[in-house]
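1. kindly generate the corresponding structure for this input.
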Amino acid sequence: MLTPHGVFFRSETVDAVPPAGWEKLYTLGIRTVVDLRQPGERARDTGTRPPWLTTVPVDLDGLADHPDFWAGYWDNGLMGTPLYYLPHLVRLPQRMGAVLAALAEAPEGGVLFHCMAGRDRTGMTAMVLLAAAGTEPEDIRDDYFETVRNADALAAATGRPNPEAQAEQLCTVHGTSMDGAFRAALEGLDLEQLFDAAGLPGDVRTRIRTWRGTVSVLS
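-> Residues are numbered from 1 along each chain as shown. Just a heads-up that it's a prediction; the model follows:
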């Protein structure tokens, strides 16, 4: 299926967006940013956001609140691979639930959600949103790997190393690949179970499934 244009956008951190960039985002219809980063990451921001923009911070990770979960994924680098996506959704559903509620309840206009590199936290969120709209699995996978394909450009722009080779190596050590890990996360995703576990009310579920009222509800 073709998802509606101008409803949801995903990106890396927007802290370095210049005034001309914000004008472009305004032209695209974006009026709200949902910031998926941890409080410590947000505290390092130095940029200024325009007055017309609503920013909603939602810490998707929950690193400080759930150390037992992250002990299996943080220091070993697996938090930079899709291997943690499904476990996170199953064990910490309230974190994604808070993100979905923020996306559903944002003011009128397009909603941009971002993390730091625009791959894992936004990739997991995009996976849920696209699955909720009935997108074909191969198209969901392709959307995720667009960020992977853009890794060299992002690394050059930020001055940080490209992490993709290391992430692929970690997946290999665990008997899979980045592609295989993402496919497994997508195949294991149970939206109703996630919505129930997160305690999402019916109106939020409907707005997520219909992409804020822009597509028909799936039967």
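
2. what's around residue 158, how many residues?
-> By other CB atoms under 10 Å, the residues close to residue 158 number 13. For every residue, glycine as well, the C-beta is placed using N, CA and C.

3. so where's the protein shaky on pLDDT?
-> For the chain, the stretches flagged by pLDDT under 70 are 1, 155, 217-219.

4. by contact count, what packs against the helix or strand hosting residue 169?
-> Following DSSP states H and E, one finds residue 169 within helix 164-173. Counting contacts by 3 or more CB pairs under 8 Å, 6 or more residues apart in numbering; DSSP states H and E, helix 164-173 packs against helix 178-188.

5. may I have the helix holding residue 169 exported as PDB, CA atoms only?
-> Below are the C-alpha coordinates for helix 164-173, written out as PDB (Å, rounded to 0.1, in the frame of the first residue of the first chain):
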ATOM      1  CA  GLU A 164      26.700  -0.600  10.300                       C
ATOM      2  CA  ALA A 165      29.700  -3.000   9.900                       C
ATOM      3  CA  GLN A 166      29.900  -3.400  13.600                       C
ATOM      4  CA  ALA A 167      26.200  -4.000  13.900                       C
ATOM      5  CA  GLU A 168      26.300  -6.600  11.200                       C
ATOM      6  CA  GLN A 169      29.100  -8.400  12.900                       C
ATOM      7  CA  LEU A 170      27.200  -8.500  16.200                       C
ATOM      8  CA  CYS A 171      24.200 -10.000  14.500                       C
ATOM      9  CA  THR A 172      26.500 -12.600  12.900                       C
ATOM     10  CA  VAL A 173      27.900 -13.600  16.300                       C
END
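
6. please shift the residue numbers so they start at 52 in all later answers.
-> Got it, the first residue is 52 from now on, which makes the last one we talked about helix 215-224.

7. can you show me the helices along this protein?
-> 70-78, 90-94, 118-121, 136-142, 144-156, 171-183, 188-200, 202-209, 215-224, 229-239, 242-249, 253-260 (DSSP state H).

8. buried deepest among these, which one?
-> Highest mean neighbour count among the helices of the chain (mean count of other CB atoms under 10 Å): helix 171-183, with a mean of 23.
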